[in-house]
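# Sharing a model prediction with you, sequence too.
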Amino acid sequence: MIKLLLVTPPVNSLGDFVAALRLDADVELLCAESGQAALKTADEKHIDIVFANENLGDMTGIELAEKMLTVNPMINCAAVSTLSSEEFSEASEGLGLLAQFPANPDKSMAEELLQQVKTIMGRVASSVKRET
Amino acid sequence: MKNGRIAIPSQGNGGLDGVRSGHFGHCDVFTLVDVAEGEIKEITTVPNQEHAQGGCMVPVNLLAGHKVNALIVGGIGMRPLAGFKQVGIDVYYEAARNEIKPVVEDLIAGELQQIKSDQVCGGGGG
């Protein structure tokens, strides 16, 4: 089961994307409406991946990804960003973000994200299993 | 370093006489050097795993699983550095030399410094 923390203000443009996430039986969807709320949730619960909208009210999605490192660097992060790919790469340097998403991500992007997360989680699990 | 296991991201087959890899997430193998009482006792290698975007925690878990105590890199992203810290692996910085053996000897002799925050680099982290 993938525990996905969706971080976005109540009024947002992620409807189709979120609907697709909810359709996946392997996903447990948790929600937070601000960056600080997301950090608190990640500190209290096991989270596999954070998906952050671009503007969270108190910080950007990229800023949340950086702050998330102090809570648990094992948590994967992905974020909506309208920056150019070059600007996004510069802004998120070293943070290990899974991907940059457009302002209105669609169903197929949700499916691609989940596939990417499952691949990474599988590799992490196999790297641990190899030594046990 | 008197006792412990050192990991060095390596090119090709690795080994003590091998060549370091500049990007730990994309190295071919990790050379593992076991140190006891300040002496090199055993050399082994472990293959790296395929690196995916955002997958920089894979080598962190791989090396933690191999009971590594110290890692020598020429650069590392903020996230994997935080990950290594979380699993208790000290990360040392040496960017000038490509050969494995002299940097291992320097680490054992206490002549390498742990990486500092201003030496952290980007490029997707791993």
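On my side now, so go ahead. Because the structure is predicted, anything quoted here is derived from the model rather than measured. Residues are numbered from 1 along each chain as shown, chains lettered A, B, ... in the order given.
# residue contacts, B:Ile72?
Neighbour list for B:Ile72: B:6-8, B:20, B:91-94, B:103-104, B:107, B:112 [criterion: CB atoms under 8 Å, 6 or more residues apart in numbering or on different chains]. The way it works is simple: take the backbone N, C-alpha and C, and place the C-beta from them, glycine included.
# can you pick the most crowded of these?
Taking other CB atoms under 10 Å in any protein chain shown as the neighbour criterion, B:Ile8 ranks highest of those with 30 neighbours.
# For that one, which non-adjacent residue is spatially closest?
B:Thr31 (4.6 Å; CB to CB, 6 or more residues apart in numbering or on different chains).
# element containing the one you found?
strand B:29-36 (DSSP states H and E).
# contacts for that strand?
So strand B:29-36 is contacted by B:1-10, B:12-16, B:18, B:40-48, B:59, B:62-63, B:66, B:68, B:100, B:104, B:108 (CB under 8 Å, 6+ apart).
# Buried residues, that strand. List them.
By neighbour count on 16 or more other CB atoms under 10 Å in any protein chain shown, the buried set for strand B:29-36 is B:29-35.
# And the lowest mean pLDDT element among the helices and strands of chain A?
Sorting the helices and strands of chain A by mean pLDDT, DSSP states H and E puts helix A:107-129 at the bottom, at a mean of 81.
# pLDDT weak spots in chain B?
By pLDDT under 70, the low-scoring segments of chain B are B:50-54, B:117, B:121-126.
# Quick one: the helices in chain B, in order.
Remark: helices assigned in chain B by DSSP state H are B:57-65, B:78-86, B:100-108.
# could you check the angle strand B:29-36 makes with the last one?
Yep, that's helix B:100-108 we're talking about. Going by axes from the mean of the first three to the mean of the last three CA atoms, to 10 degrees, helix B:100-108 is angled at 40 degrees with respect to strand B:29-36.
# List every C-alpha atom in helix B:100-108, with coordinates, as CSV.
This file holds the C-alpha atoms of helix B:100-108, laid out as CSV (Å, rounded to 0.1, in the frame of the first residue of the first chain):
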residue,chain,number,x,y,z
ILE,B,100,40.5,4.6,-4.8
LYS,B,101,43.4,3.4,-2.8
PRO,B,102,44.9,6.8,-1.7
VAL,B,103,41.6,8.2,-0.6
VAL,B,104,40.8,5.1,1.4
GLU,B,105,44.3,5.4,3.1
ASP,B,106,43.6,9.1,3.8
LEU,B,107,40.2,8.3,5.4
ILE,B,108,41.8,5.6,7.6
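# residues making contact with it?
B:1, B:6, B:8, B:10, B:14-20, B:31, B:33, B:35, B:38, B:40, B:70, B:72, B:92, B:94, B:97, B:112.
# try it again with 10 Å
B:1-2, B:4, B:6, B:8-11, B:14-21, B:31, B:33, B:35, B:38-40, B:43, B:70-72, B:74, B:90, B:92, B:94-97, B:111-113 (CB atoms under 10 Å, 6 or more residues apart in numbering or on different chains).
# helix, strand or coil for the residue of chain A found nearest chain B?
Proximity of chain A to chain B (CB to the nearest CB) peaks at A:Glu93, 2.5 Å away. Three-state assignment for A:Glu93 (DSSP: H, G, I helix; E, B strand; the rest coil): coil.
# That one: neighbour count?
Considering only other CB under 10 Å, A:Glu93 is surrounded by 17 other residues.
# where does chain A dip in pLDDT?
A:123-132.
# Mind checking the helices of chain B for the one nearest to A:Val117?
helix B:57-65 (11.9 Å; CB to CB).
# Do that closest one and chain A come into contact?
Yes. Using CB under 10 Å from any CB of the partner chain, helix B:57-65 comes into contact with chain A via B:57-65.
# Can you tell me which of these lies closest to A:Ile47?
For those, the residue nearest A:Ile47 by CB to CB is B:Met57; the value is 13.4 Å.
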